[in-house]
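Asker: okay, sequence plus prediction incoming.
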Amino acid sequence: MIGAVAERSVEALGVRLVVAELGDRSAPTVVLLHGYPDTKEVWEEVAARLASRFHVVAYDMRGAGGSTAPGDTAGYDLERLVDDFVAVIDQVVPGRAVHLVGHDWGSISGWDMVTAPRLRGRVLSFTSISGPSLDHSAHWFRARLRRPTPGALGAVLGQLGRSWYIAAFQLPVLPELTWRRVMARRWPGFLRRVDGVPAGAAVIAPTFATDAAQGVGLYRRNMLRRLNRPRGDALAHAPVQLVVARRDPFVSPRIFDDLDRWAPVLRRRTVDAGHWLPRAHPAQLAGWISEFVSDVEAGHAVTPQGRLVLVTGAGSGIGRATALAFAQPGTRVLAVDVDLAAAERTAELVRLCGGRAWALGCDVSDQDAMERLDRQVFEEHGVVDVLVNNAGIGVAGSFLDTGVEEWRRVLDVNLWGVLHGCRLVGRRMVDRGSGGHIVNVASAAAFTPSKALPAYSTSKAAVLMMSECLRAELAPHGIGVSAICPGFVSTNITRSTRFVGRSAEEQERLRDRSTRLYRRRNYPPERVAAAIVRAVERDQAVVPVTVEARAMQLLGRLVPGVVRRLARLDAL
Amino acid sequence: MLRFLVMDDLSRFRAVQRLAYDCAEAVAAELEPGITEREAAARMRRWLAGRGVEEWFHLPFAWFGDRTAFAGFHLPHQFFPTGRRLEEGMPYILDVAPVVDGVAADIGYAASLGENAISARLCADLEEYRALVLDGVRAGRPLRAVYDDVDRLIERHGYTNRHRAYPFGLIAHRIGSVSGPGRRRTVGGFGVRSLRLLARQAAVGRRGGWSPFWGPGRGSDHPATPGLWAVEPHIGFRGVGAKFEEMLVVTDSDAFWLDDDLPHVRRWHAVAATA
């Protein structure tokens, strides 16, 4: 069936299961569990790819394909599916532990296996594709109904809208009739239309009509039972890799929001695709499975890695405060600054706070340096989960006094620096496919015209717009983009600001004066850092920080004429 | 009005400062979990009273936990010892200022009960501040500029300036010999004769264009005036504060720390020797 492989049958409680094996038996074993209304053939493409590195085992679930069906609906209880799994591995790889991969009902039952105390140590890892644990889902619904905020209710409705067929399956006879008389013929077309499975990949088994009609028992036996009385201790005892399909017509991505609670070691992957990933994206899936299994075998994924946070301009001010705000046990912080000593100091402070940190020297405006940094980070630490493009410089003074070189410098650092960061890390995040977040520190100057800060404001306005565009582009990949717009924050940017068209002496005086003014305003960078952490948590788009930033944003919308008049005032 | 400082006088100040540090070290050694700030302050008072101290530049202070960083301090009364209890791993600061025969000292001692990585790091970093202040004063820089230098170092270290929380944000104040009536009386925790000394110096300073209170404002836009200054840079990080306070001697042409044989200085030297 699956390629040219050894097939055998395994006797389990009341049923006989057909099991296929591929690959070298001495390699780590990966067991593939198919869903409904599929057979093990749904794994064809994935199994062929995995077989070069692993010992792959796939079997037809009871009542599907070549396996026999239980006599009654009780035979479809999830517990029986776990029994089947135990019977198969006891026969095929006696005494050995296995890696588990489940799709749809294979994943739903996989959750029962990876949370079952009797299988602790026998299941080494679990990759879950488009099939949430019924216990976790029940708790997910309850938590949202207990605190029915609009967002929570929206999420609940989103899932219910995708679950209509589950209710329909509770009806007697009708579902079976529909499968046998109508859907059996229309299934490939349905897969293409509803789920976007390519025409060639939508193959159906000869036993399809019978499998689909019998398998309705899965829904009748388990759904209401588990949703009404979920287990409270369904904790995964092995590392879990969750593959979330963003366009799944049956499973809302939101249903996995609380999964960290149940899976202590969790790796998330997001893909912009529908429900039948094993058919539509076998190469991507095989790549993720083999990477995860290899990591677990090597002991890499067993300890939680913690988020990888990269902050530019981390040697002082908002950047340092942000690095520290992310510092907590488990988190890995990369402090990047053009001043390596300052970055080292930040890394040291992060470590003092219990986080792990490394310092890297880099001029964000230098394309080559940024590309080197990107490669180095990827090789030494992996893909960044949260990128904070914070590095920036200040230039003040009138437009006509600002020289071409000064324009170039401020745009190089404030705009190109952010752009390089987004470009390089954004690409890595998309390729990895498990989401992430990019924060760009713009400024209230981005929406506040002023004759005192034309160059600076222009650079920050560009950053703001770039963030908004990028947010739209990266949304399908589960990557959030936030622009932070602080007002007057007490940092050393005022000490290094270049006041164009002024003598050196006056320059010093103005720096001192603005530093004192900003200090008197007394808005600490730590509060901006807290806003950045919040923006990541809540995936906020544009966040004005400080009262003056909020006020200018509001004025700009309500009375832009006033803002234009204010722009004419002499600032210093 | 200013007394001319001779070496003989200095040795008397040095003796009182050592006595104060001995007191802080002795009380610190006996601190245990559960003791309150009030009890720690009372122990310092008893320890010094037992050695004949009857007069105070100010009554002893003790701060535990995040009170070492003056977290949420807005009003002067918050500086006084409270019922806050010391716990294992908590930072603490003892600040004691006895007067012996009219000779005043004012010292600060920071540490933690058991391990506290942040407190240890802050205390180690204070060494740079001690050098920075001395260099600035020696170079004849205006005190306000030295204050800014300290702020810049705090910023570079990633800490916060906690002396800014003291009344008027002072990093230092003049100190010296006290005289006149009211030896045993205190007002608001400060000795009456000490307050009189400061008031007198403030009056003299006003005429001469200087201030006995070294703060961030224009009043400190002058080089250090000859005499004794009690300097207390106070730094904080994430709810942990640390400081030292010791006397800086300023003469017409030079400046130096009154004593280099103090607990924190010895500790820095020990670390440097093993490094």
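Answerer: All right, it came through fine. Not measured: the values here are computed from a predicted model.

Asker: find the nearest non-adjacent residue to whatever residue of chain B ends up closest to chain A, please.
Answerer: The nearest approach of chain B to chain A comes at B:Gly158, 4.9 Å away (Cβ to the nearest Cβ). C-beta: built from backbone N, CA, C; applies to glycine. The shortest distance from B:Gly158 to any residue other than its chain neighbours is 4.9 Å, reached at A:Leu349 (Cβ to Cβ, 6 or more residues apart in numbering or on different chains).

Asker: isn't that neighbour right up against A:Arg320?
Answerer: Yes: using Cβ atoms under 8 Å as the test, A:Leu349 is close enough to A:Arg320 to be in contact (7.3 Å).

Asker: ok, the residue of chain B closest to chain A - how many residues close by?
Answerer: Number of residues near B:Gly158 (other Cβ atoms under 10 Å in any protein chain shown) recorded here: 21.

Asker: tell me the contacts of it?
Answerer: The contact partners of B:Gly158, by Cβ atoms under 8 Å, 6 or more residues apart in numbering or on different chains, come to A:316, A:320, A:324, A:345-346, A:349, B:237.

Asker: inside helices: which ones of those residues?
Answerer: A:320, A:324, A:345-346, A:349 (DSSP state H).

Asker: quick check, nearest of those residues to B:Pro216?
Answerer: Using Cβ to Cβ, A:Arg320 comes nearest to B:Pro216 of these, at 22.3 Å.

Asker: that closest one against A:Ala327, yeah?
Answerer: No: counting by Cβ under 8 Å, no contact exists between A:Arg320 and A:Ala327, whose distance comes to 10.6 Å.

Asker: in terms of neighbours, single out the busier of those two.
Answerer: A:Arg320 (29 against 23).

Asker: return the residues in contact with the more buried one.
Answerer: Under the criterion of Cβ under 8 Å, 6+ apart, the contact partners of A:Arg320 comprise A:314, A:335, A:342, A:346, A:349, A:525, B:158.

Asker: now do 7 Å
Answerer: The contact partners of A:Arg320, taken as Cβ atoms under 7 Å, 6 or more residues apart in numbering or on different chains, are A:314, A:346, B:158.

Asker: for chain B, just list every one of the strands.
Answerer: Under the criterion DSSP state E, strands of chain B are mapped to B:55-64, B:91-100, B:103-104, B:107-112, B:160-161, B:172-175, B:186-187, B:190-191, B:213-214, B:227-231, B:234-237, B:240-243, B:246-250, B:255-257.

Asker: could you list the low-confidence segments of chain B?
Answerer: Counting by pLDDT under 70, chain B contains low-confidence ranges at B:1-8.

Asker: B:Val53 reaches B:Ala97, doesn't it?
Answerer: No: taking Cβ atoms under 7 Å as the definition, B:Val53 is not a contact partner of B:Ala97, at 10.1 Å.

Asker: neighbour count: those two, which is higher?
Answerer: Neighbours around B:Val53 and B:Ala97, counted as other Cβ under 10 Å, are more numerous at B:Ala97. The numbers are 27 against 19.

Asker: beta partners for that one?
Answerer: Applying DSSP bridges to B:Ala97 gives these bridge partners: B:His58.

Asker: who's in contact with it?
Answerer: By Cβ under 7 Å, 6+ apart, the contact set of B:Ala97 is B:20, B:56-58, B:104-106.

Asker: quick revisit: most widely separated two among the ones in helices among the contacts of B:Gly158?
Answerer: So, those by Cβ to Cβ: farthest apart are A:Leu324 and A:Arg345, at 11.2 Å.

Asker: of these two, who's got more company?
Answerer: Counting neighbours by other Cβ under 10 Å for A:Leu324 and for A:Arg345 shows that A:Leu324 has the greater number, 26 against 21.

Asker: show me the contacts for that one.
Answerer: Residues near A:Leu324 by Cβ under 7 Å, 6+ apart: A:349-350, A:353, A:529.

Asker: and the residue nearest to the spatial centre of chain B, how far from A:Val203?
Answerer: Closest residue to the average C-alpha location of chain B: B:Glu245 at 2.7 Å, with Cα atoms, centre = their mean. From B:Glu245 over to A:Val203 the distance is 82 Å, taken as Cβ to Cβ, to the nearest Å.

Asker: now swap in B:Arg84 and tell me
Answerer: According to Cβ to Cβ, B:Arg84 and A:Val203 sit 72 Å apart.

Asker: and those two? Which one has more around it.
Answerer: The residue with more neighbours, out of B:Arg84 and A:Val203 and counting by other Cβ under 10 Å, is B:Arg84; that gives 19 against 15.

Asker: who's in contact with the more buried one?
Answerer: Taking Cβ under 7 Å, 6+ apart, one finds B:36-37, B:64-65, B:67 in contact with B:Arg84.

Asker: please enumerate the helices of the stretch 1-150 of chain B.
Answerer: Assigned helices in the stretch 1-150 of chain B, in chain order: B:7-30, B:37-49, B:117-138, B:143-157 (criterion: DSSP state H, counting those that start in this stretch).

Asker: what's the first one in contact with?
Answerer: Identification of contacts with helix B:7-30 by Cβ under 7 Å, 6+ apart yields B:40, B:43-44, B:47-48, B:51, B:94, B:96-98, B:100, B:103, B:105, B:107, B:109, B:111, B:228, B:246-247, B:249, B:258-259, B:262-263.

Asker: ok, the second one next?
Answerer: Identification of contacts with helix B:37-49 by Cβ under 7 Å, 6+ apart yields B:23, B:26-27, B:31, B:60-64, B:81-84, B:94, B:96, B:98.

Asker: one step back: on the strand side of things, show who the residue nearest to the centre of chain B bridges to.
Answerer: With DSSP bridges applied, the residues forming beta bridges to B:Glu245 are B:Gly108.

Asker: who touches it in this structure?
Answerer: Per Cβ under 7 Å, 6+ apart, neighbours of B:Glu245: B:95, B:106-108, B:230-232.

Asker: how close does it sit to B:Val99?
Answerer: Distance, B:Glu245 to B:Val99, by Cβ to Cβ: 15 Å.

Asker: again with B:Phe64
Answerer: Distance, B:Phe64 to B:Val99, using Cβ to Cβ: 26 Å.

Asker: repeat for A:Ala12
Answerer: For A:Ala12, the distance to B:Val99 - Cβ to Cβ - is 91 Å.
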